[in-house]
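> Sequence below, structure please.
(2 chains)
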Number of protein chains: 2
Amino acid sequence: MKGDICTAVFMPGGKRAEFKRGFSILEAAESIDLKIESACGGQQKCGMCKVIPTGNLSKPTQDELRLLTEEEVERGYRLACAATIQGDVTITVPMESRMREQRLQIEGIEQTVSLDPAVRKYIVELPVATLEDIRTDKERILERIKEVFGLDLEIEYGVYKQLPGAIRDGEWTVSVAVWNGKRTLSVEPGVVRHAYGVAVDVGTTKIAGYLLNLRNGEVIGKAAIVNPQIKYGEDVVSRISYATGADKNLERLQTSVIDAVEQIIKDTCAEAGVETRHIYEIVVVGNTVMQHLLLGVSPKYVGRSPYCAVLGSGDFRASDIGLKANVNVNANLHTFPVIGGFVGGDHVSAILATKMNESEEMSMLMDIGTNTEIAIGNKEDMISCSCASGPAFEGFYIKHGMRASSGAIEHVEINPETFEVRYRTIEGVRPRGLCGSGLIDLLAELLKTGVMDSAGKLNPEIESNRITTNFRNDEVEFVVAWERETGIDSDVVITQRDIRELQSAKAAMRAGAEILMLKKGLKEADIDVFYIAGAFGSYVEPANARIIGMYPEVDLERVKIVGNAAGSGAKLALISREERAHAEEIAKKVRYIELAAEPKFTRCYMLSHYFPFGAALTDNIRK
Amino acid sequence: MKGDICTAVFMPGGKRAEFKRGFSILEAAESIDLKIESACGGQQKCGMCKVIPTGNLSKPTQDELRLLTEEEVERGYRLACAATIQGDVTITVPMESRMREQRLQIEGIEQTVSLDPAVRKYIVELPVATLEDIRTDKERILERIKEVFGLDLEIEYGVYKQLPGAIRDGEWTVSVAVWNGKRTLSVEPGVVRHAYGVAVDVGTTKIAGYLLNLRNGEVIGKAAIVNPQIKYGEDVVSRISYATGADKNLERLQTSVIDAVEQIIKDTCAEAGVETRHIYEIVVVGNTVMQHLLLGVSPKYVGRSPYCAVLGSGDFRASDIGLKANVNVNANLHTFPVIGGFVGGDHVSAILATKMNESEEMSMLMDIGTNTEIAIGNKEDMISCSCASGPAFEGFYIKHGMRASSGAIEHVEINPETFEVRYRTIEGVRPRGLCGSGLIDLLAELLKTGVMDSAGKLNPEIESNRITTNFRNDEVEFVVAWERETGIDSDVVITQRDIRELQSAKAAMRAGAEILMLKKGLKEADIDVFYIAGAFGSYVEPANARIIGMYPEVDLERVKIVGNAAGSGAKLALISREERAHAEEIAKKVRYIELAAEPKFTRCYMLSHYFPFGAALTDNIRK
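Numbers count the residues shown, from 1 in each chain, chains lettered A, B, ... in the order given. As a prediction, the model looks like this:
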């Protein structure tokens, strides 16, 4: 201790803090960002911030003595919010008082977040009613929670129905699920600590869901299904068109996606042995149109210039949206903020997962899907755009295209001399078609072996029986797998028309990337990290994707495949309110670039159809 | 002006205020409780507090010049919140800037309240969306409302569905209905100022509803129907018993009362030509059990010692409660605070209507119904109790009892010599039965003429053919109207058993009143005002009610018949948030007395059966 300056060493870990005498232990810990549990915000009410200090400290307060057991007092426990530091001290923070941190492994990136879900359960002991204390159950519970935890709660309508029974069945001890320190979601008799949540990424084509334990942040289940809205249109534009058609269409779209989300929740809960009534929150990310459709809000104007969304982030009672059967009746449904009509919550979520918005490094993120969103920037400034890439790389509109499931060819090599093909299928079974990564490999190999030229035209002159002309439509095809090898009643081929579809898709992505780089005045060498996201992205061979020109000529070492980053961001937001706040900041920070309004876009898009996409061509389109 | 002290005279009216130089006109007006309209709370944002001052004032601010039209500036208009007073001034407050006051005639009492309903409509002009301003509709409207009116709003889920259409159809001008400066209930295209509300008194036997225009506080419709829950039990105890029986019973009770409330709203709106979607709020008062049943919350523990309610006051989305078809989809339903399990929101409401809690005078309020609640006290202290008086005075369990409707005998006189009967029926038609006021008159007349003795026994020796013995059950009866005069196929009679029922009812009321007076140490002479309330009460002859001992021997001059005071209080709360806050204060202030726990109650109740209830008997029961 020097003059008025004390030193505190926090154990385990040995973190040191220096500060003026008279600070509370809690304040000292906060000054070095060491997180100690506290529900009452340091008001000596909740008794959660127990620590074991040694050294020169203030005397225990009446509140401390009331909130600690006799045994704890004997063992030297103090409340961090009450004990003030009067000299150099060493403070042991026991396990139960440490604010839990959670390392979340998301494919390709690992993030550490403070576990602080919006939903928390409080165990409340109530004073028993007597003729002298005839407060209503409502007053009794609210006043007690205010007293002990310092929270001003509101009670949801449905909770009143549980209240009288829960209080008496629990013999005046109840467990209260609270959302965001504000809304009471449920009151259960006795001590029931279970609390679960679900993060959902609603893609145009695929819906992925993750079941998380909100008490420790663990992912305990996941499931993915095709978005059943597909029967009403395969891309966002056709969904908008359907939604704004006949009266009941919007409702149909909403119901179908809600049913799918319910199915995911039901399945993951059943597998993990979780009671669905303990699902208290659902965090949803999706592109702007998907989020509107889930809420049953018309996306009519999202699709018309200037492409305004009705809303981005919001918190709703899940049952209002139609999620009733497989969640707590008062569960909260949180939707993500959006950047614009075509850069939605899923992209905000993907940015959140990479934390590129907080980094000094210049990063680029390409989130590949039926719509491909691209962001570029760093902590200083970020811009983003949306490319209508279509679902070709997800296997749609491709003759033998398929999703990345059993039997899909996911990797391809072509012998440059014999043109013989080696391939690998998912689960090693007989091939049934081609998924995204297989298509990328195939294009790259066709190009390298000269089977396809730089304009994307298959060369019928190649001496191989794998190049054939379909007698029905005179179309040139390349046979990837012969009928005798496949699990279907035909060869697996790629047609000239397939290649045109894939060219359009990759051109849209590449043109978007180029425009953003132009806007920021950046070259490939300026990009420190290039993230490829999208469920599709996880299986991609970065070198091949670069060969076919899907993305700029960034050093392969700088490319990171981050899988379903949108889903990862949703998980982060589900278990951490801080991350949820970061998402809002991202949506405010990132500026939207409307590609259609960029004069260079059309030329850039046309030129981006070519293979390969070398430096010369890049220079050309940047003129 | 003397030194720094300025004088302001407000016109019309000529109210004077004295205060230090530099106050704004708005502050000066508030200092003398003169109310000027303002939505932004004096922040120079809303432009509603326009006044025309003369004298020495500060120069107009930029905000004033922006918010006033050129013409207004020329005519000398200023904003009361911006213009500060620099000397003696005269200020004309034009009609449109005066906060509307409303005189509400409630039967027997007239109250003046500031018109300040929880629901208010704001006309909002939005900046048009462009590619440079792609805020979501949500942000656009919330930020604009914050800017102009200083309100931080939340948007209800259902409103998002209206939002995009309303904004575009209204060409960027919308009308926003806001509840309590917080919840957005609806957004309509263009300028739509309509706003209505409904006050409902849910009695055990009768439901009364009033339709009010929230823009001027006028009652523009009313209706009353029998509470359809009656088929599940005639008093609160039997309703509790039914509600806690089979699974669906509670739901049945709720649905039936909700249907009745919907019917009242539908009918009154149709008659007044009001669109039901413009009903934005419903204020409900009822006894504690009725309020629970309306909310579908089990009253199980309300009926068991210590008689705790689950909740008293609350604000709910009416559609959550089941009120869907005939109100705005996001309308608010407000329930009243309660004093205890058996002194409910209707009694709080009746006290609110009389304002006895604010008075220096010692008041007593008897709100007669199937349960009769009694309150006694003044601004210093108040106590209340509930008496299980039963529905006899509402005509139930009485052979020829009926509600106060067409053909009911509402007034009776008996000639003491001939025993001939004169009566008056409602609407002057042939008698069909006896309503409450008729029964009271009849008892008093039977007593005065000696047809009935002080124990309530009919004297069969009376020489009149009106005294007969029913040959079926040997019961003595008194014929009030002969068959030839009536509108039914028999005489209208009162039986010995009827008299016993009525005795029990009045004994319960009287015993409650006596216990409260004992508790407060008061005698009749100490009661400055005695209020008789209850829809039933309006037609009562106070002298006769006193003769039969329904209430203590208070000077008749001090008796005020105030009709459905509970309904009146509900109306006050519907049009004034201040009154709603007063209701909360009343519920907190008034202490509940459990009669069953009072040692003197049983004896008092037994003795209270006697007629008449003179001073000697009073002295006796007070021993």
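> C-alpha only now, for contacts and for neighbours.
Noted.
> Using CSV, list the CA coordinates for the helix or strand hosting A:D441.
Secondary structure assignment for A:D441, by DSSP states H and E: helix A:436-448. These are the backbone C-alpha positions of helix A:436-448, laid out as CSV (Å, rounded to 0.1, in the frame of the first residue of the first chain):
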residue,chain,number,x,y,z
GLY,A,436,-22.1,-27.1,-53.6
SER,A,437,-18.6,-28.1,-52.7
GLY,A,438,-18.6,-30.8,-55.4
LEU,A,439,-19.9,-28.3,-58.0
ILE,A,440,-17.1,-25.9,-57.2
ASP,A,441,-14.4,-28.6,-57.4
LEU,A,442,-15.9,-29.8,-60.6
LEU,A,443,-15.9,-26.4,-62.2
ALA,A,444,-12.3,-25.8,-61.2
GLU,A,445,-11.2,-29.2,-62.5
LEU,A,446,-13.1,-28.8,-65.8
LEU,A,447,-11.3,-25.5,-66.2
LYS,A,448,-7.8,-26.8,-65.3
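> what about A:T495, distance to chain B?
Going from A:T495 to chain B by Cα to the nearest Cα, to the nearest Å gives 40 Å.
> got it, and A:A353?
A:A353 is 24 Å from chain B, by Cα to the nearest Cα.
> Next, the nearest residue to that residue once chain neighbours are set aside: phi, psi?
Once flanking residues are discounted, A:A353 sits nearest to A:G569: 4.6 Å by Cα to Cα, 6 or more residues apart in numbering or on different chains. Dihedral pair for A:G569: phi -60, psi -40, per degrees, to the nearest 10.
> from memory A:W172 sits against A:P127, does it?
Yes. The pair A:W172 and A:P127 passes the contact test of Cα atoms under 8 Å, sitting 7.1 Å apart.
> what sits against A:G221?
Listed by Cα atoms under 8 Å, 6 or more residues apart in numbering or on different chains, the contact partners of A:G221 are A:210-212, A:268-269, A:271-272.
> one more time with 10 Å, if that's ok
Counting by Cα atoms under 10 Å, 6 or more residues apart in numbering or on different chains, A:G221 makes contact with A:198, A:209-213, A:264-265, A:267-272.
> Need the three-state assignment for it.
strand (DSSP: H, G, I helix; E, B strand; the rest coil).
> in the sheet, who's paired with it?
A:L211 (DSSP bridges).
> With A:I85 instead?
Under the criterion used (DSSP bridges), A:I85 bridges to A:L57.
> Count residues in the vicinity of it, would you?
25 (other Cα atoms under 10 Å in any protein chain shown).
> quick one: it from A:H194, how far?
Going from A:I85 to A:H194 by Cα to Cα, to the nearest Å gives 37 Å.
> Tell me if A:T469 really is in a helix.
No. Assignment of A:T469 by three-state DSSP gives strand, placing it outside any helix.
> now, which of the contacts of A:G221 sits nearest chain B?
If you rank the contacts of A:G221 by distance to chain B using Cα to the nearest Cα, A:V198 comes first, at 20.6 Å.
> List the contacts of the closest one.
A:209-214, A:219, A:221-222, A:261, A:264-265, A:268-269, A:279-284, A:327, A:333, A:570-571, A:574-575 are the contacts of A:V198 under Cα under 10 Å, 6+ apart.
> Mind checking which of those residues are in strands?
Those of these mapping onto strands are A:209-213, A:219, A:221-222, A:279-284, A:333, per DSSP state E.
> Just the buried subset of those, written out for PyMOL, thanks.
Applying 16 or more other Cα atoms under 10 Å in any protein chain shown to those, the buried members can be selected in PyMOL as follows:
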select buried, chain A and resi 209+210+211+212+213+219+221+222+279+280+281+282+283+284+333
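> count of neighbours near A:D33?
Neighbour tally, A:D33, other Cα under 10 Å: 11.
> what about the residue nearest to A:A353, distance to A:V540?
Distance from A:G569 to A:V540, by Cα to Cα: 21 Å.
> Same drill for these two, tell me which one is more crowded.
Ranked by neighbour count (other Cα under 10 Å), A:G569 and A:V540 place A:G569 first, with 30 against 20.
> Distance of that one relative to A:K355?
10 Å.
> where do the contact lists of these two overlap?
A:S349.
> Low-confidence stretches in the stretch 51-200 of chain A?
A:96, A:99-110 (pLDDT under 70).
> where do the helices sit along it?
A:62-67, A:70-74, A:137-149, A:157-169 (DSSP state H, counting those that start in this stretch).
> got TSV for the ones you listed, with distance to chain B too?
As requested, those are exported to TSV (distance: least, Cα to the nearest Cα, whole Å):
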stretch	distance to chain B
helix A:62-67	29
helix A:70-74	34
helix A:137-149	5
helix A:157-169	5
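> Dump those helices to JSON lines, plus distance to A:A246 and mean neighbour count.
Formatted as JSON lines, the helices of the stretch 51-200 of chain A follow (distance: least, Cα to Cα, whole Å; neighbours: other Cα atoms under 10 Å in any protein chain shown):
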{"stretch": "helix A:62-67", "distance to A:A246": "62", "mean neighbour count": "16"}
{"stretch": "helix A:70-74", "distance to A:A246": "68", "mean neighbour count": "12"}
{"stretch": "helix A:137-149", "distance to A:A246": "45", "mean neighbour count": "19"}
{"stretch": "helix A:157-169", "distance to A:A246": "34", "mean neighbour count": "20"}
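> Adding distance to A:D474, write these out as CSV.
Shown next, in CSV, are these (distance: least, Cα to Cα, whole Å):
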stretch, distance to A:D474
helix A:62-67, 84
helix A:70-74, 86
helix A:137-149, 76
helix A:157-169, 66
